[in-house]
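> make a model of this:
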Amino acid sequence: MSEAESGARPMHDVVVVGGGAVGLLLACLLARRGLDAVVLERRHAPDPAATPSRAIGIHPPGLRALAAAGIGDEVRRRAVVIRDGRVTCDGRTLGRLKFPRSGLVHSLPQLEVEALLEERIDGARTVSIRRGVEVTGVTDRGTHLVVHAVDGESKVDLPARYAVGADGVRSGIRSLIGADWKPRRGRASYVMCDTRDDTGAPETALLHFEPAGVVESFPLPGGRRRWVARVRREPTELDAAAIATVVESRTGSSFDTDAATTPTAFVAAQHVAHPMASGRVVLVGDAAHEISPIGGQGMNLGWSDAVHLDRELAGALAAAAPIDVFAAYDRSRRAAALRATRQAAFNMRMGAPATGLRLRTRNAAVRVLGLPGLRGFLGRAFTMQWL
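As a prediction, the model looks like this:
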């Protein structure tokens with residue numbers, strides 16, 4: 001007999017599938033409203049080894065979302081502030097960008113943010129996290145859903161008014177609702193590692209738009225810095241020394257390989273789900289859209305999804321709304337995702353290898369964007385104020 005049939009489990013307001021940064025933030029928002037929610041996470045525990053491959057940039061809209069979840073002050077305390085950016089090519093400065101106080105970017109590894117969100121949920125009365133639980137199906141009963149899952153050796157059925165797929169790029173929930181995973185323009189390969197910050201610019205994002213491809217570096221807490229380099233293909237021997245060689249050959253800068261984390265190679269690809277909702281099931285974060293992770297765009301967009309969805313869920317539950325309540329969410333968040341993919345595709349084109357006329361044209365464009373009259377627009381775009 002399942003949990004639902006035995007009466008061991010009450011009807012949940014919301015089942016959130018996926019306990020990453022977006023799913024946990026949504027759970028915190030639901031807890032603030034006193035709604036009954038459970039987060040189902042396939043992993044038994046967070047994986048510290050995944051830290052180098054996770055996002056670090058928290059833009060102003062993302063920080064507002066974290067504040068609404070109750071951890072904004074602690075994030076500010078732990079994070080390092082990125083106050084400005086500098087773009088160079090062949091050692092010459094092409095442009096500078098200084099962020100206003102209201103538009104500062106904060107840098108804090110995603111795993112630390114997730115830990116803060118989970119601590120917040122641990123103190124909640126109406127929301128819980130169940131780890132080691134893998135969702136296998138969802139059945140629509142008309143008035144509610146039943147989420148089918150496996151917990152260890154046991155099968156469990158969890159009844160809920162609504163279900164949210166926050167289970168990442170390889171979302172099983174997206175597959176269950178039959179959503180298309182439509183590719184968008186923008187795809188590139190990168191290598192990355194974190195090390196001690198020896199740049200002398202502890203609050204500056206450094207963007208090297210070099211002929212062989214962009215090299216970016218961003219401050220991290222604790223006097224460290226993340227280095228990211230675009231590559232044509234992943235090096236055969238991927239270690240910190242290989243990344244340091246790429247960085248030095250393009251920029252003339254070097255970093256301490258002995259202080260570096262295990263390097264990561266990844267492909268930045270872009271997709272948008274259509275639809276993002278079906279009946280009582282809705283997608284958020286990477287389950288709904290894959291955005292280039294450069295600059296933390298995907299994570300911040302996912303948090304914005306969660307803020308919008310929190311309001312939609314609260315309204316639906318209070319008014320006993322029909323099951324197509326997510327139609328407006330679907331339209332608005334897909335539009336936001338498409339804007340993000342266009343911006344990310346532009347960023348990737350700007351950072352692509354370039355020579356000759358193309359290189360000169362790109363550098364001229366960067367200089368124009370860095371002019372005083374356009375810096376405000378560029379700053380708003382870079383910090384995702386359009387969210």
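> show me the helices in the chain, by range?
3-6, 21-32, 60-68, 72-78, 110-122, 172-176, 240-251, 297-319, 327-350, 356-369, 372-382 (DSSP state H).
> and K182, which of those helices is closest to it?
Closest approach to K182 among these (CB to CB): helix 327-350, 10.0 Å. Backbone N, C-alpha and C define where each C-beta goes, glycine included.
> any regions of the stretch 201-350 of the chain where pLDDT drops low?
The stretch 201-350 of the chain contains residues with pLDDT under 70 at 295-296, 320-323.
> closest one to E134 among the helices of the chain?
helix 172-176 (8.3 Å).
> rewinding a little: so of the helices of the chain, which one's packed in deepest?
The highest average neighbour count among the helices of the chain, using mean count of other CB atoms under 10 Å, belongs to helix 21-32 at a mean of 27.
> in JSON lines, list the helices of the chain along with distance to A201.
Converted to JSON lines, the helices of the chain look like this (distance: least, CB to CB, whole Å):
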{"stretch": "helix 3-6", "distance to A201": "55"}
{"stretch": "helix 21-32", "distance to A201": "27"}
{"stretch": "helix 60-68", "distance to A201": "21"}
{"stretch": "helix 72-78", "distance to A201": "20"}
{"stretch": "helix 110-122", "distance to A201": "22"}
{"stretch": "helix 172-176", "distance to A201": "40"}
{"stretch": "helix 240-251", "distance to A201": "13"}
{"stretch": "helix 297-319", "distance to A201": "22"}
{"stretch": "helix 327-350", "distance to A201": "21"}
{"stretch": "helix 356-369", "distance to A201": "18"}
{"stretch": "helix 372-382", "distance to A201": "17"}
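> how near is the residue nearest to S102 when sequence neighbours are not counted to T361?
Nearest residue to S102, sequence neighbours excluded (CB to CB, 6 or more residues apart in numbering): P60, at 6.8 Å. For P60, the distance to T361 (CB to CB, to the nearest Å) stands at 31 Å.
> G34 now?
56 Å.
> try V191
With CB to CB as the criterion, V191 and T361 are 27 Å apart.
> ok, E74 next?
With distances taken as CB to CB, E74 is found 45 Å from T361.
> how about R311?
Per CB to CB, R311 is found 44 Å from T361.
> show me the residue at the heart of the protein, geometrically.
Nearest to the geometric centre of the chain sits M299, at 1.6 Å (CA atoms, centre = their mean).
> pretty sure that residue sits against Q110.
Yes. With contact defined as CB atoms under 8 Å, M299 reaches Q110; the gap is 6.4 Å.
> please enumerate the strands of the stretch 51-200 of the chain.
For the stretch 51-200 of the chain, applying DSSP state E, counting those that start in this stretch gives strands covering 57-58, 80-82, 84-89, 92-98, 105-107, 127-131, 133-140, 145-151, 154-165, 180-183, 188-196.
> TSV for those strands, including mean pLDDT, distance to V325 and mean neighbour count?
As requested, the strands of the stretch 51-200 of the chain are exported to TSV (pLDDT from 0 to 100; distance: least, CB to CB, whole Å; neighbours: other CB atoms under 10 Å):
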stretch	mean pLDDT	distance to V325	mean neighbour count
strand 57-58	94	30	26
strand 80-82	96	38	19
strand 84-89	93	40	19
strand 92-98	89	40	15
strand 105-107	95	33	26
strand 127-131	97	21	19
strand 133-140	97	14	17
strand 145-151	97	13	19
strand 154-165	97	9	22
strand 180-183	98	21	12
strand 188-196	95	37	21
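> chain neighbours aside, what residue packs nearest to R187?
Per CB to CB, 6+ apart, closest to R187 is A269, 4.9 Å.
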